[in-house]
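**Q** structure here, sequence nowhere to be found:
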DNA sequence: GCCAGCATATATCGGCCCGGCATATGCCCG
DNA sequence: CGGGCATATGCCGGGCCGATATATGCTGGC
């Protein structure tokens, strides 16, 4: 599930520029399970155009720099559908916070408290972003299904953090510094 | 939270070879939130040794190839503790399955059913692996906290999939092929 | 009994991807 | 009027993954 496929999936729903694709991948309704950066989106789009899976037209804009609007071709739709038929790669989660949490015993309680609070805030913010997605118009039924899955996950994450964060804070070392050398 | 830090975190708990680190990262108690491959572990260890954060000794073995056992140094412990003090990068989730799910409408129901069943199996297996972790001896209190967080998440994921998987299957197209061209 | 496959163990390489930077420009706010 | 921000494209260094190479003994199926 590479950036190439992500671009095709977004263009499958309609025209977009590279910038749009980045924005949708970071702020859009699938932002919580897949992301991509400019450094991979632009080369991916160029390659897709070479292969004839997308086409582009340059649109002049007053003031703003002119933009390159990409559209998916018939071949692109077929290629995307074919990629969905291929076996799925397993999900991957990367959580710097959970690595941090495992070492609470060698960290000052104030820091653990700050980090776990930040993490709770992020979780709540992510959940609220999903709650705020309009479930009408350009949103397919499966999109709602995926969003509700995310809501369910964020919900328990929030609940677990609220009820158990104090346990983690009490695991932090009260002594300054020394334990790290044990 | 790079491979370098992952290596330090594992060596913080005791000696290990590059192979051990790989195994612990894939099968160990933190496998569900961070992983690394040989291609990044071995270069990372070599660099850490250059910098004096770890040391190694070569251990001859009858039959098996001789192994290089790494140990963390005092400087390594300090460097690891310092890295934990730095601001945390946000969690990232990458889910090919959820991208697949969004396009149920252009996929055959049998395929959607198969994929969602596989995904449920994987979720259940991941949860059972966490349930099977021995919560005694070499396992710190914070490790249990992290594992219970994972259990809570996997639990709702399983529940959501069981109660809502049929909705997703009914969203799949009954017609063979054509909708992809719409 | 023999061979395939697997587990152990280290290491490299191509290629994907991210984050930061450069470039360009007009708008808004202080 | 100047700094920062939003729009927009694109490159580059470096990090990381997956595949592959190399070596070897054990185990299970035929």
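**A** Noted; the coordinates are in hand. Nothing here was measured: the structure is a model prediction, and the numbers come from that model.

**Q** going by C-alpha atoms from here, please, whenever you check contacts or count neighbours.
**A** Will do.

**Q** chain A: helices as residue ranges?
**A** Secondary structure of chain A (DSSP state H): helices located at A:3-13, A:18-27, A:38-50, A:74-85, A:96-102, A:109-131, A:141-171.

**Q** out of these, which is closest to residue B:23?
**A** Distances from residue B:23 to each of the helices of chain A were compared using CA to CA; the shortest belongs to helix A:96-102, at 16.7 Å.

**Q** return the distance of that closest one from the chain's centre.
**A** A distance of 19 Å separates the C-alpha centroid of helix A:96-102 from that of its chain, computed with CA atoms, centre = their mean, to the nearest Å.

**Q** what does stretch A:1-9 give?
**A** When C-alpha coordinates are averaged (CA atoms, centre = their mean), stretch A:1-9 and its chain have centres 13 Å apart.

**Q** pull out the buried residues from that stretch.
**A** Buried residues in stretch A:1-9, defined by neighbour count with 16 or more other CA atoms under 10 Å in any protein chain shown: A:1, A:3, A:4, A:5, A:6, A:7, A:8, A:9.

**Q** what residues does it touch?
**A** Stretch A:1-9 is contacted from outside by A:21, A:36, A:40-41, A:44-45, A:48, A:72, A:76-77, A:80, A:83, A:88-89, B:96, using CA atoms under 8 Å, 6 or more residues apart in numbering or on different chains.

**Q** out of those residues, who's nearest residue A:13?
**A** Nearest member of these to residue A:13, counting by CA to CA, is residue A:72, at 9.0 Å.

**Q** next, count neighbours for the closest residue to that closest one other than its chain neighbours.
**A** In space, not counting the residues next to it along the chain, residue A:72 is nearest to residue A:54; the distance is 4.3 Å by CA to CA, 6 or more residues apart in numbering or on different chains. Taking other CA atoms under 10 Å in any protein chain shown as the criterion, the count of residues near residue A:54 is 24.

**Q** which residues are in contact with residue A:54?
**A** A:45, A:48, A:70, A:71, A:72, A:73, A:76.

**Q** what's the distance between the first one and residue B:86?
**A** Meaning residue A:45. Summarising the geometry, the distance separating residue A:45 from residue B:86, computed by CA to CA, to the nearest Å, is 35 Å.

**Q** so those two - more neighbours on which side?
**A** Set side by side, residue A:45 and residue B:86 show more neighbours around residue A:45, with 22 against 9, by other CA under 10 Å.

**Q** show the pLDDT at the more buried one.
**A** The score at residue A:45 is 94. That number is its pLDDT.

**Q** what do you get for the one 5 residues further on?
**A** For residue A:50, the model assigns a pLDDT of 91.

**Q** can you check residue A:138 too?
**A** Model confidence at residue A:138, expressed as pLDDT, equals 65.

**Q** I'd say residue A:123 and residue A:159 touch.
**A** No. Using CA atoms under 8 Å, residue A:123 is not in contact with residue A:159; the gap is 10.1 Å.

**Q** look at the two and report which has more neighbours.
**A** Using other CA under 10 Å as the criterion, residue A:123 and residue A:159 rank with residue A:123 on top: 20 against 14.

**Q** OK, contacts around that one?
**A** Listed by CA under 8 Å, 6+ apart, the contact set of residue A:123 reads A:154, A:157, A:158.

**Q** enumerate the residues of chain A near DNA strand D.
**A** By the rule CA under 7 Å from any atom of the strand, the part of chain A lying against DNA strand D is A:17-20, A:38-40, A:42-43, A:46, A:64-69.
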